[in-house]
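> Quick one: sequence plus predicted model below, questions after.
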There are 2 protein chains.
Amino acid sequence: MRSAAFDREQVLRAAMNAFMEKGYNKTSMQDLKRATNLHPGSIYCAFENKKGLLLAALEQYNQDRTAELKDIFAAQNSTKCGLKAYLDSIVSECISGDPTQACLSQKAINEIAQQDDEAQSVLSNQCILWQSFMCEVFGQIAQEGGLIGSRSAEQRAQSLIVGIYGLRTYSQAQKDPTVISAIARQLLSDVCK
Amino acid sequence: MRSAAFDREQVLRAAMNAFMEKGYNKTSMQDLKRATNLHPGSIYCAFENKKGLLLAALEQYNQDRTAELKDIFAAQNSTKCGLKAYLDSIVSECISGDPTQACLSQKAINEIAQQDDEAQSVLSNQCILWQSFMCEVFGQIAQEGGLIGSRSAEQRAQSLIVGIYGLRTYSQAQKDPTVISAIARQLLSDVCK
DNA sequence: CTCTTTTTTGAATGTTCATTCAAGATATCT
DNA sequence: AGATATCTTGAATGAACATTCAAAAAAGAG
């Protein structure tokens, strides 16, 4: 009979950023209170608890990133160019070193997937959705005639995703922009061969 | 004038396991006390604080894994077979789902590299050492005549490491053993091409 | 054996944590 | 306008946290 006073998306994006800055465990409710401008009671009223807020933020994150992903492909002439542009965008995120440009899903996979079944299943589903989008992408590139070799679209999508996960991790240990973009270029050519 | 009563390596391995089970932030001093059978005061006396214990454990971990790595290659007839065996061992670690078979370095890169400069530099160095070992490996495989294409050993080493990081992350979201080993096989052939 | 130095013990410390709750505010429905 | 349901407020709660410390033990030096 009364709707929440805050903007849910705005709150979730603020929470996303907070979680990306420090990771789930190191982000305290105080941090989240500051980031969202919500009082503890409101957070618990709307999201049940800290983990509920993470799961909601994860959902919002995936929605936002999926839209972004589609925009990148839509802005290019061919799907193959779209894939190149997509990898370029990931490279620039890696190079920026900005925690809020990292991937919240990947961070969550590494930090909590193993510890929490609910998070595990959400993250697993997000990964599958991402992979099936990429599967379609490779189907289109094949139709465009941009693929060499006989690997299935699914295999290519798997290798691409693995490569992106790897790139994101690697770039936290090795920050040389030249190296990062060279690896991405290689990844692109491997996955189209 | 008095040496510590505990076995340092044994304590560090216990701490390693504790950190791998829960991650750095979720592992409490109580967990570490239980795992190492050391009283808080002893831990602080020997390692200064929780982070000091992590850094020491990380060093021990790298030492142990490097020895293991060399053993795997030494047990094979050719360096190329060594690389295959090495990837197989990683696949079986991924498939096991056992947290203590995960990579502590990778976990630490994802959880704390961004937050702590000292950890960042330790982890960056470990990554470089790993990479230079792999660089030698590809040099040897080239001499054996097991490489196609003109990529440098360093580029191949980079791609391999990125692939392994990616595989380890991916396998936490997608647990199908068939898929994991197929991706590893593809990685091996990409990196030798 | 005694002195010195270092480690071990484990309770105590003060802080920070996630969560709760009762009181007050406000939107929507009748 | 009044009733009702829901959200907001922010202080309170108790548990868990990393760390400290003083006292006890023990190892090696002289």
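Sure thing, it's come through.

> and A:Asp64, how many neighbours?
15 (other Cβ atoms under 10 Å in any protein chain shown). To be clear about C-beta, it is placed using only N, CA and C from the backbone, and glycine gets the same treatment.

> now A:Ile141
21.

> The strand or helix carrying it: how far from the chain's middle?
Using DSSP states H and E, the element containing A:Ile141 is helix A:117-144. Chain-centre distance of helix A:117-144: 12 Å, with Cα atoms, centre = their mean, to the nearest Å.

> so what secondary structure elements neighbour that helix?
helix A:50-74, helix A:79-96, helix A:104-111, helix A:153-173, helix B:153-173 (3 or more Cβ pairs under 8 Å, 6 or more residues apart in numbering or on different chains; DSSP states H and E).

> can you list those helices in CSV and add distance to B:Ala14 and mean pLDDT?
Compiled in CSV, the helices and strands packed on helix A:117-144 are given as follows (distance: least, Cβ to Cβ, whole Å; pLDDT from 0 to 100):
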stretch, distance to B:Ala14, mean pLDDT
helix A:50-74, 29, 98
helix A:79-96, 35, 98
helix A:104-111, 22, 98
helix A:153-173, 26, 98
helix B:153-173, 23, 98
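
> Looking at these, which is nearest to DNA strand C?
helix A:50-74 (3.6 Å; Cβ to the nearest atom of the strand).

> Close to DNA strand D: what parts of chain A are there?
A:1-6, A:38-42, A:45-46 (Cβ under 7 Å from any atom of the strand).

> May I ask which of these has the most neighbours?
With neighbours taken as other Cβ under 10 Å, the top of those is A:Leu38, carrying 22 neighbours.

> what secondary structure does it sit in?
Here A:Leu38 is coil, with the state taken from DSSP: H, G, I helix; E, B strand; the rest coil.

> so it sits right up against A:Asp7, yeah?
No: here A:Leu38 lies out of contact with A:Asp7, judged by Cβ atoms under 8 Å, at a distance of 10.8 Å.

> Next one: the closest residue to DNA strand D within chain A from A:Gly145, what distance?
Nearest residue of chain A to DNA strand D, counting by Cβ to the nearest atom of the strand: A:Gly41, 2.3 Å away. Plainly put, A:Gly41 is 59 Å away from A:Gly145 if you go by Cβ to Cβ, to the nearest Å.
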